[in-house]
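Undergrad: no letters, just coordinates:
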């Protein structure tokens, strides 16, 4: 028996591909295609896709009270049904006809129930082809899929699919909480669920989930993942109490009620659907715009399933994308759609002894990086550039803005020193001046000057036009920088260093405002260094004093002689310039 594995990222249309296999493989009329899955939602989805793609075939379902008729050429079955005596009867009925056996969500295939079906088919039809489809070929519990599928014949993960233009790009946020997970145990490669739920289902953290939705993604169609049924119920109640159209569903929810909830979520009556692991697989709602992962995990497999729920392009674009000839054309088509990107919000807890999987780690970034709503692929590229140029700085950064700021400062530092020093001019006796031509500046909502605002704004506008050209690019950039729009202005700057009594005073004048003191120092060089430091850091408040440098000493011809400090050397360089 030949067995092959196909690894496709969630959202790439595994069900559609499975439905085309009987025709693509040119199976004979007497041959049977058996497709198995482990959830009712998957079965119904596969059944509908099989009928649509194979209009002349007799498609049957084998589960519970439903029995496939003998004239079927395609059977869709649940793995729970094909066990024990019923498996034996099914194999007796169809075994010699099974030419193609397809296992959907094949990362489950190492389980004994799946192995039993494979073994029974092999006895009756040794030449049958077994094909497994999964988005997550690596199981977190260490079970060996290679024992069933020795060959991965095709693979495309989410990163490759986004780059190829088949899935939408992702913007990422990280919301830090005060919840500590160090006392939560692990089993099978992930947290013990009962302990995890007890740790994360608390008022402070649940309110953080609600606040993340309200401040970062209000009004978007959002799927929230939680750690337990009770956790999901509590989070959903917070949303509803806040007036948000939210609903909660779990495996315990009656089927009819669950179907009504999903229908409302597909439509316009429900904006936020909170669940506990119910919609990890086979949940096809392309209109999902936001994923909030409030269920911490150490499992790449689980995290891939969670985030994959939001990466599908809208239905009306799926076929068009498959017909476009190049990745660039597909990416442009997605950018022009009503869903140009998805947003993933990770609720990140305190942890020392565990390694959490978050969206940054899926892009080979440190887990602590907050992309602050920027496309995660762009942040990953910029971080890689920073790491190549300055590994020490890369180890310190925690946000996308810090990455950008450090790269800008590295570029500034790489400019010729002479051009930097020449900007200081002697304006009179004991008076030096630095003048900067008008620049675009802004402050954030807390009143702090945004470092290198003009450069950051320009880059973010360019990014916005690339990923969502129909949206307000300037508004996108201002939101990500958390800018107070009323503070944006063109501003010139003049810094003067003047001798007053025994001290040198640095003063700042911006625009037409009156000069104000921003610091004092005992020497010219130290005052200039202080002023330079304040300009580079964006901290232009007053009251600071330069710290006196520690003097190095050495013996010279029997006398103590003071070596020139760094500030004096800097002053000499300025004077020479």
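TA: Nice, I can see it. Quick caveat, the model's predicted, so the values are computed rather than measured.

Undergrad: all strands for the stretch 101-250 of the chain, in order.
TA: 129-134, 151-156, 170-180, 186-187, 190-191, 222-225, 246-249 (DSSP state E, counting those that start in this stretch).

Undergrad: try the stretch 401-550 of the chain
TA: For the stretch 401-550 of the chain, the strands defined by DSSP E, counting those that start in this stretch cover 424-428, 431-441, 489-500, 503-510, 516-521, 544-545.

Undergrad: now the ones you listed in TSV, with mean pLDDT and mean neighbour count?
TA: For the C-beta atoms, the positions are set from N, CA and C on the backbone; glycine is no exception. What follows is the strands of the stretch 401-550 of the chain, written out as TSV (pLDDT from 0 to 100; neighbours: other CB atoms under 10 Å):
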stretch	mean pLDDT	mean neighbour count
strand 424-428	88	13
strand 431-441	87	15
strand 489-500	90	17
strand 503-510	91	20
strand 516-521	91	19
strand 544-545	56	16
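
Undergrad: deepest in the core, which of the strands of the stretch 101-250 of the chain is it.
TA: Ranked by mean neighbour count, the strands of the stretch 101-250 of the chain are led by strand 222-225 with a mean of 26 (mean count of other CB atoms under 10 Å).

Undergrad: could you give the average pLDDT over that strand?
TA: Averaged over strand 222-225, pLDDT sits at 97.

Undergrad: which stretches of this protein have low pLDDT?
TA: Low-confidence segments of the chain (pLDDT under 70): 138-146, 279-282, 417-422, 536-577.

Undergrad: would you map the helices across the stretch 101-250 of the chain?
TA: Remark: helices assigned in the stretch 101-250 of the chain by DSSP state H, counting those that start in this stretch are 112-124, 158-163, 193-200, 203-216, 229-241.

Undergrad: with respect to residue 220, which of the strands of the stretch 401-550 of the chain lies nearest?
TA: strand 431-441 (30.2 Å; CB to CB).

Undergrad: got the angle for that closest one vs strand 503-510?
TA: With axes from the mean of the first three to the mean of the last three CA atoms, to 10 degrees applied, the angle from strand 431-441 to strand 503-510 works out at 30 degrees.

Undergrad: doesn't residue 5 belong to a strand?
TA: Yes - counting by DSSP: H, G, I helix; E, B strand; the rest coil, residue 5 falls inside a strand.

Undergrad: quick one, domains of the protein?
TA: 2-156, 170-362, 376-414, 417-442+488-545 (automatic domain parsing).

Undergrad: need these in JSON lines (columns: distance to residue 477).
TA: Below are the domains of the chain laid out as JSON lines (distance: least, CB to CB, whole Å):
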{"stretch": "domain 2-156", "distance to residue 477": "28"}
{"stretch": "domain 170-362", "distance to residue 477": "13"}
{"stretch": "domain 376-414", "distance to residue 477": "12"}
{"stretch": "domain 417-442+488-545", "distance to residue 477": "10"}
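
Undergrad: among the ones you listed, single out whichever gets nearest to residue 474.
TA: domain 417-442+488-545 (9.7 Å).

Undergrad: go ahead and confirm residue 310 touches residue 291.
TA: Yes - the pair residue 310 and residue 291 qualifies as a contact (CB atoms under 8 Å) at a distance of 4.4 Å.

Undergrad: related to what we said a few turns ago, tabulate the strands of the stretch 101-250 of the chain (TSV), appending distance to residue 237.
TA: What follows is those, written out as TSV (distance: least, CB to CB, whole Å):
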stretch	distance to residue 237
strand 129-134	35
strand 151-156	39
strand 170-180	19
strand 186-187	29
strand 190-191	24
strand 222-225	12
strand 246-249	8
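
Undergrad: hang on, the earlier thing: just send the helices of the stretch 101-250 of the chain back as TSV, with distance to residue 464 and mean neighbour count too.
TA: Supplementary listing: the helices of the stretch 101-250 of the chain in TSV, determined by distance: least, CB to CB, whole Å; neighbours: other CB atoms under 10 Å:
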stretch	distance to residue 464	mean neighbour count
helix 112-124	46	15
helix 158-163	17	18
helix 193-200	34	18
helix 203-216	16	17
helix 229-241	29	19
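
Undergrad: figure out which of those helices is closest to residue 36.
TA: Nearest to residue 36 among the helices of the stretch 101-250 of the chain is helix 112-124; the distance by CB to CB comes to 6.8 Å.

Undergrad: with adjacent residues omitted, what lies nearest to residue 4?
TA: Once flanking residues are discounted, residue 4 sits nearest to residue 153: 4.6 Å by CB to CB, 6 or more residues apart in numbering.

Undergrad: how near is the nearest residue to residue 499 once chain neighbours are set aside to residue 503?
TA: Of all residues not flanking residue 499 in the chain, residue 430 sits nearest, at 3.7 Å (CB to CB, 6+ apart). The spacing between residue 430 and residue 503, counted by CB to CB, to the nearest Å, is 11 Å.

Undergrad: ok, the residue nearest to residue 13 when sequence neighbours are not counted - contacts?
TA: Using CB to CB, 6+ apart and skipping residues adjacent in sequence, the residue nearest residue 13 is residue 318, 7.0 Å away. Residues in contact with residue 318 (CB atoms under 8 Å, 6 or more residues apart in numbering) are 13, 286, 312.

Undergrad: specify the local secondary structure of residue 318.
TA: helix.

Undergrad: count of residues packed around residue 83?
TA: Residue 83 is flanked by 15 other residues according to other CB atoms under 10 Å.

Undergrad: isn't it right up against residue 114?
TA: No - the pair residue 83 / residue 114 is not scored as a contact, 10.3 Å apart, by CB under 8 Å.

Undergrad: nearest to residue 147, of the contacts of residue 318?
TA: Distance to residue 147 across those (CB to CB) is lowest for residue 13, with 27.6 Å.

Undergrad: gap between the closest one and residue 41?
TA: Taken as CB to CB, the span from residue 13 to residue 41 is 16 Å.

Undergrad: do the same with residue 12
TA: With the distance defined as CB to CB, residue 12 ends up 18 Å from residue 41.

Undergrad: repeat for residue 415
TA: Distance, residue 415 to residue 41, by CB to CB: 59 Å.

Undergrad: which one's more surrounded, these two?
TA: residue 41 (17 against 9).

Undergrad: correct me if wrong, but residue 291 is in a helix.
TA: No - counting by three-state DSSP, residue 291 is not part of a helix but strand.

Undergrad: looking at the strands of the stretch 101-250 of the chain, which is nearest to residue 377?
TA: Minimum separation from residue 377 across those (CB to CB) falls at strand 170-180, 7.6 Å.

Undergrad: what angle do the closest one and helix 203-216 make?
TA: Put simply, strand 170-180 runs at 160 degrees to helix 203-216, going by the same axes, to 10 degrees.

Undergrad: which other helices and strands does strand 170-180 contact?
TA: helix 193-200, helix 203-216, strand 342-350, helix 359-362, helix 376-389 (3 or more CB pairs under 8 Å, 6 or more residues apart in numbering; DSSP states H and E).

Undergrad: which residues are in contact with the shortest one?
TA: Contacts of helix 359-362 from elsewhere in the structure, counted by CB under 8 Å, 6+ apart, are 158-159, 170, 172, 174, 300, 303-304, 307, 344, 346, 366-369, 371, 376, 379-380.

Undergrad: chain center to it, what's the gap?
TA: In terms of CA atoms, centre = their mean, to the nearest Å, the centre of helix 359-362 is set 6 Å apart from its chain centre.
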